[in-house]
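Novice: when you get a sec, could you give me coordinates for this:
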Amino acid sequence: MQRYSLRTLGPRGRWIAAAVVLALVLAAALVIGLAGRSGDGVSPGSAGPQSSGTQSEAPQAFSRPEGASQFRPSYHLTPAKEWMNDPQRPFLLDGVWHYYYLYNADHPEGNGTEWFHVTSTDLVHWKDEGVAIEKFKNGLGDIETGSAVVDSDNTAGFGKGAVVAVMTQQDKGVQRQSLFYSTDKGYTFKAADGNPVMDNPGAPHWRDPKIIRDEARGQWVMALAEGEKIGLYTSRDLKDWRYVSGFERKGLGILECPDLFQLDLDGDPAKRTWILAASANGTEEGRTTGVAYWTGIFDGTTFTPANDKHQWLDAGSDFYAAVTWDDPRLPENERMASRHAIGWMNNWAYARQLPTTDWQGGADSIVRDIRLKTVRGRPTLVSTPTPALSTLDGEAKTAGTRALTAEGAGELPVPASGAYRLDVTLERAPGDNGTEALLKLGNGGADYATVGYNFEAGTAWVDRAAVVPGADALGPLFTDRRSAQSPPRDGSQRGNTVSQKGGSVDLTIFVDYSSVEVFVNGGEQTLTSVVLPKSGQPAVSAATAGGKLTLKSFKYTPLATVLDAR
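Specialist: So this is what the prediction gives:
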């Protein structure tokens with residue numbers, strides 16, 4: 001991960017001393033007190049400056065690293081070099097969020113992932129802490145997806161407040177669950193005696209344990225991906241696990257990265273609802289991979305869905321392996337009203353073929369806040385950008401209400417870099433005869449993505465263009481349109497000559513060099529996409545596919561202060 005918020009240096013830490021011969025005592029103090037960062041990547045076996053368990057330093061100015069490729073994001077989490085994939089659910093200790101993602105320092109020659117550690121106080125600015133759990137150390141294989149919990153009551157016997165991580169290890173194709181624990185707040189981990197704590201019963205797919213605390217029943221609950229089924233297990237001590245039930249669904253491929261949590265429907269504690277989610281394949285529904293979820297009831301052993309039909313957390317091509325978590329500092333009503341989420345912004349269909357040069361594996365999405373709301377009569381997870389992202393805002397520029405035609409909407413603010421946010425309201429006003437509005441995102445004179453909205457169909461969509469060398473090899477999955485249903489607000493109206501669907505739609509669009517995240521109508525729908533622009537000057541334009549609509553409002557906000565490394 002490149003730590004943009006603090007300094008543009010790499011992930012392996014080193015102590016910095018002032019080599020002043022006449023002030024040896026002062027130099028020693030500096031060695032103890034000043035932590036620096038080196039400019040090279042993580043070496044296998046290097047865990048960075050984390051043995052003391054100290055908190056992150058205060059965030060400093062954002063910047064992209066010198067020499068970054070044209071695709072390197074500015075405000076999204078990426079590794080300084082080599083490979084990243086699945087997020088691991090963060091936890092909070094002493095005001096610091098501890099977050100891990102799967103990392104392969106040996107990519108592309110070597111295989112296997114390990115847990116790379118980053119910390120934050122606001123879930124926007126991140127600090128590298130190095131590799132926390134290394135691969136290939138205990139004879140059980142690499143370190144894959146799992147979850148870490150704070151064992152406040154010492155149920156596992158490693159001490160009150162110990163961090164206990166249970167994750168999949170895979171050796172010779174066999175997936176098992178192992179336990180590692182930390183007594184320094186998640187900076188370093190030790191393998192527990194007796195690993196694996198769960199040996200494979202003979203299943204080809206048996207991975208990605210997600211553990212939550214069920215306080216009402218005094219137990220830990222694990223959701224485990226088992227092919228087309230999510231297995232549910234319980235434990236008193238995080239070591240001995242008992243299978244209690246399974247939740248099986250056909251037609252979604254091999255399920256991965258499950259999640260189980262509660263939210264209050266419409267913020268009402270009387271409507272507290274359980275949600276079971278899993279990363280899945282939506283090919284049979286004309287989608288690609290994403291995060292499917294069900295709402296229902298969990299009684300301590302069994303999850304019963306309220307509706308057999310699943311929903312999708314994001315309608316784009318590149319939101320996978322997502323994790324969600326709440327903030328334990330909040331009172332219960334607020335904790336149950338909203339929680340955070342982050343996903344891997346990539347797609348296995350082309351993840352290894354992306355033409356990035358200084359790192360691989362894509363990036364993480366921005367942190368989102370999700371709520372459970374009744375949308376068109378159905379409990380639905382609604383996503384909005386976490387408010388702390390506003391700390392990145394630069395000086396906004398706006399464009400007033402104007403006609404939107406096939407010829408365009410006149411001059412719009414020109415982005416200063418590839419990192420910005422757009423807040424746009426489109427309207428089909430009385431007298432308007434257009435159907436589809438187009439927001440075109442360009443770079444170097446070529447449009448690389450179009451965000452559209454069709455008022456007749458009530459759908460928002462994203463198209464991507466293969467405009468850079470090598471993008472053609474990503475195939476039609478990259479260029480296929482991805483759409484999401486979200487009807488225009490304000491109902492329908494009668495035009496001059498024919499009845500037509502009118503109203504307005506709000507679009508919030510986060511752009512960051514190689515990604516576009518679209519939030520539709522306050523987050524009723526989201527579409528997340530990796531994009532591959534040409535180098536050169538960014539541009540934004542608006543038009544219709546024919547006829548006239550109204551550009552009700554348009555605001556451009558630069559995000560972060562970036563160094564133009566193109």
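Novice: write down the beta-bridge partners of Gly296, one by one.
Specialist: With beta bridges defined as DSSP bridges, Gly296 has these partners: Trp274, Pro305.
Novice: test my guess that it contacts Leu265.
Specialist: No: using C-beta atoms under 8 Å, Gly296 is not in contact with Leu265, being 11.8 Å away. (Each C-beta comes from the backbone N, C-alpha and C, glycine too.)
Novice: now do the shared contacts for those two.
Specialist: Contact criterion C-beta atoms under 8 Å, 6 or more residues apart in numbering; residues bridging Gly296 and Leu265 by contacting each: Thr273.
Novice: element containing the closest residue to Leu527 other than its chain neighbours, please.
Specialist: On the basis of C-beta to C-beta, 6 or more residues apart in numbering, the spatially nearest residue to Leu527 that is not a chain neighbour turns out to be Gly316, at 3.9 Å. Here Gly316 sits in a region with no helix or strand, counting by DSSP states H and E.
Novice: for Gly316, phi and psi?
Specialist: Note on Gly316: backbone dihedrals following degrees, to the nearest 10 are phi -80, psi -180.
Novice: do you know how far it is from Glu456?
Specialist: To Glu456, Gly316 is 22 Å away according to C-beta to C-beta, to the nearest Å.
Novice: between these two, point out the one with more neighbours.
Specialist: More crowded of Gly316 and Glu456, by other C-beta atoms under 10 Å: Gly316, with 30 against 12.
Novice: hmm, Gln525 and that one touching each other?
Specialist: No: the pair Gly316 and Gln525 fails to qualify as a contact (C-beta under 8 Å) at a distance of 9.6 Å.
Novice: mind showing which ranges of the stretch 51-200 of the chain have poor pLDDT?
Specialist: Filtered on pLDDT under 70, the stretch 51-200 of the chain yields the residue ranges 51-65.
Novice: go with 50
Specialist: Judged by pLDDT under 50, the stretch 51-200 of the chain has its weakly predicted residues at 51-62.
Novice: and for the chain?
Specialist: Low-confidence segments of the chain, defined by pLDDT under 50, span residues 1-62, 492-499, 562-566.
Novice: swap in 70 and give it another go.
Specialist: Scanning the chain for pLDDT under 70 picks out the ranges 1-65, 491-500, 561-566.
Novice: can you pull out the helices in it?
Specialist: Listed in chain order, the helices of the chain (DSSP state H) span 24-33, 332-335, 476-479.
Novice: what segments of the stretch 201-350 of the chain are strands?
Specialist: Taking DSSP state E, counting those that start in this stretch as the test, the strands found in the stretch 201-350 of the chain are 207-214, 219-226, 229-235, 242-248, 256-264, 272-281, 289-298, 303-305, 311-312, 320-325, 339-345.
Novice: how near is the residue lying closest to Asn138 once chain neighbours are set aside to Val382?
Specialist: Using C-beta to C-beta, 6+ apart and skipping residues adjacent in sequence, the residue nearest Asn138 is Ala191, 4.9 Å away. Applying C-beta to C-beta, one obtains 40 Å for the distance of Ala191 from Val382.
Novice: which one's more surrounded, these two?
Specialist: Comparing Ala191 with Val382 by other C-beta under 10 Å, the one with more neighbours is Val382, at 21 against 16.
Novice: partner residues bridging the more buried one?
Specialist: Under the criterion DSSP bridges, Val382 forms beta bridges with Arg371.
Novice: isn't it right up against Ile370?
Specialist: Yes: with contacts counted by C-beta under 8 Å, Val382 reaches Ile370, the gap being 6.7 Å.
Novice: overlap in contacts of those two?
Specialist: Taking C-beta under 8 Å, 6+ apart as the contact rule, Val382 and Ile370 touch no residue in common.
Novice: I figured Thr357 hits Ser69, correct?
Specialist: Yes: A contact is recorded between Thr357 and Ser69 when judged using C-beta under 8 Å, the distance being 5.0 Å.
Novice: so which of the two has more stuff around it?
Specialist: Using other C-beta under 10 Å, the more surrounded residue of Thr357 and Ser69 is Ser69, with 17 against 11.
Novice: ok, that one to Ala292 distance?
Specialist: As defined by C-beta to C-beta, Ser69 lies at a distance of 33 Å from Ala292.
Novice: ok, Gln88 - contacts?
Specialist: Counted by C-beta under 8 Å, 6+ apart, Gln88 has contacts 99-102, 115, 145-148, 167, 323.
Novice: keep only those of those residues that are in strands.
Specialist: Using DSSP state E to define strands, the subset of the contacts of Gln88 located there is 99-102, 115, 146-148, 167, 323.
Novice: so can I have TSV of the residues you listed showing neighbour count and distance to Gln177?
Specialist: Formatted as TSV, the entries for those read as follows, by neighbours: other C-beta atoms under 10 Å; distance: C-beta to C-beta, whole Å:
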residue	neighbour count	distance to Gln177
Tyr99	28	21
Tyr100	29	16
Tyr101	25	19
Leu102	24	16
Trp115	26	14
Gly146	28	7
Ser147	24	11
Ala148	26	13
Met167	25	7
Val323	24	17
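Novice: rebuild these as JSON lines, extending it with distance to Val174.
Specialist: Rendered in JSON lines, the data for these read as follows (distance: C-beta to C-beta, whole Å):
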{"residue": "Tyr99", "distance to Val174": "28"}
{"residue": "Tyr100", "distance to Val174": "23"}
{"residue": "Tyr101", "distance to Val174": "24"}
{"residue": "Leu102", "distance to Val174": "19"}
{"residue": "Trp115", "distance to Val174": "20"}
{"residue": "Gly146", "distance to Val174": "16"}
{"residue": "Ser147", "distance to Val174": "21"}
{"residue": "Ala148", "distance to Val174": "23"}
{"residue": "Met167", "distance to Val174": "15"}
{"residue": "Val323", "distance to Val174": "25"}
